[in-house]
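Student: need coordinates for the below:
(one chain, ligands or ions: 1)
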Amino acid sequence: MKKDYFGEGIAERYDEGAAAVSTPEAVGPVVEFLARLAGDSRALEFGIGTGRIAVPLHERGVPVDGIDLSDAMLAQLAAKTSSIHAVQGDFATTRIDQFYGLVFLVFNTINNLTTQDEQLACFRNAASHLEPGGYFVIEVGVPKLRLLPPGQNLHTFHLSEDRWGIDEYHFATQDFTSHHFAVRDGELVRMSVPFRYVFPEELDLMAKVAGMRLVGRWAGWQEEPFTDDSTSHVSVWQRDVSR
Ligand SMILES: C[S@@+](CC[C@H](N)C(=O)[O-])C[C@H]1O[C@@H](n2cnc3c(N)ncnc32)[C@H](O)[C@@H]1O
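Tutor: All right, here's what the predicted structure looks like:
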């Protein structure tokens, strides 16, 4: 049984924590990008969460379904709308009996799959839900290894009065753990979440193995060029029409 890192306490506070990436300015370009690819088809979101993207995409006229491991996140989504069909399950393996023009996985969530086998299974699962010619979209950070000099495996990603965040990298195994420390009601609380980092080239290979090919890679949702210095990417693979 896979561990759920988005239980009740996290799910209740998720939208508040994600406020900066939930504004119309942040979400608008994501929705337009995804709506363009979906065309007249249905879309499926892997790791739909509380619907930060799925709800506005649905309101924009794209029918959206979802898969998520967390009952608590799905309960938050259900409290917002009853018109999105979302099922509880692992997006590496869970199958919905439907085909889609678009499957998408945003906000670094591919990293939640902590082995290469699971990430590859996710690509295969996406391809198996796509109509021929359909698109699979991933938004994920470029691994921050260039920030780490030899001998160093810790990167501080947040430091404020009452919150600290440190990523701990392991290069031999390609995994990293995000450690979150916070002072809440006068108590120090810690949450550590395991991830697997993955470079764009490895994702392209997984896509090929799953019968998809890269059709675009950008640094952001407004199709900013992807360069040597880009810190994240939005990548689009297309399912082979012949399969
Ligand atoms: C960072 S949140 C992103 C939620 C939403 N997509 C968004 O952009 O706000 C990651 C979500 O993926 C879900 N998740 C993580 N690993 C999963 C897995 N293996 N299968 C299904 N859902 C998963 C979590 O429960 C959580 O809701």
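Student: Leu74: how many residues sit nearby?
Tutor: Close neighbours of Leu74, defined as other C-beta atoms under 10 Å, add up to 23. (Glycine included, C-beta is placed from N, CA and C.)
Student: isn't it right next to Ala86, touching?
Tutor: Yes - under the criterion of C-beta atoms under 8 Å, Leu74 makes contact with Ala86 at 5.5 Å.
Student: shared neighbours of the two, anything?
Tutor: Residues touching both Leu74 and Ala86 by C-beta atoms under 8 Å, 6 or more residues apart in numbering: Ile48, Asp68.
Student: so which elements touch the helix or strand encompassing Glu32?
Tutor: According to DSSP states H and E, Glu32 maps onto helix 24-38. Under the contact criterion of 3 or more C-beta pairs under 8 Å, 6 or more residues apart in numbering; DSSP states H and E, helix 24-38 touches helix 54-59, strand 100-105, strand 130-141.
Student: redo those as CSV? Include mean pLDDT, distance to the ligand and mean neighbour count.
Tutor: Shown next, in CSV, are the helices and strands packed on helix 24-38 (pLDDT from 0 to 100; distance: least, C-beta to the nearest ligand atom, whole Å; neighbours: other C-beta atoms under 10 Å):
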stretch, mean pLDDT, distance to the ligand, mean neighbour count
helix 54-59, 98, 7, 21
strand 100-105, 98, 8, 25
strand 130-141, 98, 8, 21
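Student: mind putting these in CSV, distance to Phe91 included?
Tutor: Formatted as CSV, those follow (distance: least, C-beta to C-beta, whole Å):
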stretch, distance to Phe91
helix 54-59, 13
strand 100-105, 7
strand 130-141, 12
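Student: of all the ones you listed, which one comes closest to Glu224?
Tutor: Evaluated with C-beta to C-beta, those place strand 130-141 nearest to Glu224, the distance being 12.6 Å.
Student: pairing partners for that closest one, with directions?
Tutor: Applying DSSP bridges to the sheet, strand 130-141 is found paired with strand 100-105 (parallel), strand 232-239 (antiparallel).
Student: which residues does the next helix or strand after that strand contact?
Tutor: Downstream of strand 130-141, the first helix or strand assigned by DSSP H and E is strand 154-159. The contact list for strand 154-159 (C-beta under 8 Å, 6+ apart) reads Lys144, Leu147, Leu148, Trp164, Gly165, Ile166, Asp167, Glu168, Tyr169, Ser178.
Student: of all the residues you listed, which two lie farthest apart?
Tutor: The largest distance within those, taken as C-beta to C-beta, falls between Leu148 and Trp164 and amounts to 17.9 Å.
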